[in-house]
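K.L.:
Predicted model, plus sequence, below.
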Amino acid sequence: MSVNEYAQQVVDNFITDITDHVFLSIEQDDNTMREYMSNVNSYGLDAVNTAIGKKVKELLDIGNDGENNEPKSRLIKSYTRHKRK
């Protein structure tokens, strides 16, 4: 495998689980976590998590690739996996 093929594989793997990575990022930043909880209290958990998931797909222009029911983030119970279009 060439270095470019390896780099492509690493990035593709990251994109696959990008939603989980975003929620892990929220957990790791105190200010972002406080804002997340404030939004959950105002709009509800499902509305906030759905909005974040949709925004990930929209901004990165990626397609869906099934579900993952074992996220690393504690903020979600499942997430849509993604792939490059």
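P.N.:
Cool, got the structure.
K.L.:
Please make it C-alpha for all contacts and neighbour counts, starting now.
P.N.:
Will do.
K.L.:
gap between the residue positioned nearest the centre of the chain and residue 58?
P.N.:
Nearest to the geometric centre of the chain sits residue 19, at 0.9 Å (CA atoms, centre = their mean). From residue 19 across to residue 58, the span is 12 Å (CA to CA, to the nearest Å).
K.L.:
related to what we said a few turns ago, quick check, the residue nearest to the centre of the chain in a helix?
P.N.:
Yes: Residue 19 forms part of a helix when assessed by DSSP: H, G, I helix; E, B strand; the rest coil.
K.L.:
residues in contact with residue 77?
P.N.:
In this structure, residue 77 makes contact with 69, 70, 71, judged by CA atoms under 8 Å, 6 or more residues apart in numbering.
K.L.:
what packs against the helix ranked longest in the chain?
P.N.:
Using DSSP state H to define each element, the chain has its longest helix at helix 45-60. If you count contacts as 3 or more CA pairs under 8 Å, 6 or more residues apart in numbering; DSSP states H and E, helix 45-60 packs onto helix 18-28, helix 30-43, strand 79-84.
K.L.:
Report the angle between that helix and strand 79-84.
P.N.:
0 degrees (axes from the mean of the first three to the mean of the last three CA atoms, to 10 degrees).
K.L.:
Quick one: list the elements packing against the helix or strand following helix 45-60.
P.N.:
Next helix or strand after helix 45-60 toward the C-terminus (DSSP states H and E): strand 62-68. Taking 3+ CA pairs under 8 Å, 6+ apart as contact, the helices and strands that strand 62-68 lies on are strand 79-84.
K.L.:
Need the contact partners of stretch 40-49.
P.N.:
Contacts with stretch 40-49, where a contact means CA under 8 Å, 6+ apart, come from 36, 39, 76.
K.L.:
Quick check: pLDDT value at residue 13.
P.N.:
In the predicted model, residue 13 carries a pLDDT score of 94.
K.L.:
swap in the one 10 residues further on?
P.N.:
Per-residue confidence at residue 23 stands at 98 (pLDDT).
K.L.:
Residue 1 too?
P.N.:
88.
K.L.:
Counting neighbours, what do you get for the nearest residue to residue 78 once chain neighbours are set aside?
P.N.:
Nearest residue to residue 78 in three dimensions, chain neighbours excluded: residue 69, at 4.3 Å (CA to CA, 6 or more residues apart in numbering). Residue neighbour count, defined by other CA atoms under 10 Å, stands at 11 for residue 69.
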